[in-house]
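>>> Here is the input, now give the coordinates:
(one chain, ligands or ions: 2)
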Amino acid sequence: MFTNVEHIGIAVRDLTASTQLFATILNRDAYKSEEVASEGVLTTFFQVNQTKIELLAATRPDSAIATFIDKRGEGTHHIAFEVDDIVAEMARLKAAGFTLLNEIPKQGADNKLVCFVHPKTANGVLIELCQDRGAASGKV
Ligand SMILES: CC[C@@H](C(=O)O)C(=O)SCCNC(=O)CCNC(=O)[C@H](O)C(C)(C)COP(=O)(O)OP(=O)(O)OC[C@H]1O[C@@H](n2cnc3c(N)ncnc32)[C@H](O)[C@@H]1OP(=O)(O)O
Ligand SMILES: [Co+2]
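Ligands and ions are numbered 1, 2, ... in the order given. Predicted coordinates:
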């Protein structure tokens, strides 16, 4: 089951400048920064009630964020939904014809397991499913 919009991912060129910008817009400080080396990204997170804003900057030229910014510029990159059973939701979406970008859940930021759905099969929107690793223990 989809339970919440967990975060909105925003691709940025300069993480320090964008963190300051969003701190001003949201009138609060970021609560953490984290590098996810497997994705080639450095992130900063802001909490807005139940949803987070995830700023993403590329750490290497072959990162999905570097490719996205090269082709489309900075901006909204993905919408991430919290799910209660990522394996079940991946199977459901795959059976319904959506293209999953990873066949098994992978490590995301903030102690999550994540899976991406190809934007070409989702009206041009890159969708991320995520589940807290603690909640997923024993299932994956
Ligand atoms: C911090 C960790 C984690 C978390 O815990 O939150 C993250 O959020 S990591 C975020 C970065 N990682 C990813 O995005 C992984 C999943 N993405 C991918 O696998 C790829 O980016 C992609 C979606 C498969 C695209 O890669 P590729 O095909 O190599 O790039 P192209 O530029 O050729 O794109 C093909 C096509 O798709 C369009 N596109 C690309 N990205 C997006 C997007 N974010 N939203 C919408 N559309 C997108 C792109 O414009 C191309 O379209 P056409 O030009 O019309 O063919
Ligand atoms: Co994300």
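>>> Return the residues in contact with the residue of the chain found nearest ligand 1.
The chain approaches ligand 1 most closely through Gly108 (2.5 Å), counting by CB to the nearest ligand atom. Every C-beta, even on glycine, is put in place using the N, C-alpha and C of the backbone. Counting by CB atoms under 8 Å, 6 or more residues apart in numbering, Gly108 makes contact with Val36, Glu39, Val114, Glu128, Cys130.
>>> Poorly predicted segments of the protein, please.
In the predicted model of the chain, residues 137-140 satisfy pLDDT under 70.
>>> which stretches of it form helices?
Ranges of helices in the chain, per DSSP state H, are 15-26, 64-72, 86-95, 133-136.
>>> Give me the contact list for the shortest one.
Counting by CB under 8 Å, 6+ apart, helix 133-136 makes contact with Asp84, Ile86, Pro105, Asn111, Lys112, Leu113, all of which sit outside it.
>>> Output those as TSV; include the columns neighbour count.
Below are the contacts of helix 133-136 laid out as TSV (neighbours: other CB atoms under 10 Å):
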residue	neighbour count
Asp84	15
Ile86	23
Pro105	21
Asn111	11
Lys112	23
Leu113	22
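>>> Report the two of those separated the most.
Farthest pair in these (CB to CB) is Asp84 and Asn111. Separation: 15.8 Å.
>>> and the residue of the chain closest to ligand 1, how far is that from ligand 2?
Distance of Gly108 to ligand 2, given as CB to the ion, to the nearest Å: 6 Å.
>>> Surely Gly45 is in contact with Asn111?
Not Gly; residue 45 is Phe. No. At 11.8 Å, Phe45 and Asn111 do not qualify as touching, with contact defined as CB atoms under 8 Å.
>>> Strands of this structure, residue ranges please.
If you assign secondary structure with DSSP state E, the strands in the chain sit at 2-11, 32-36, 41-48, 51-58, 75-83, 106-107, 112-117, 127-132.
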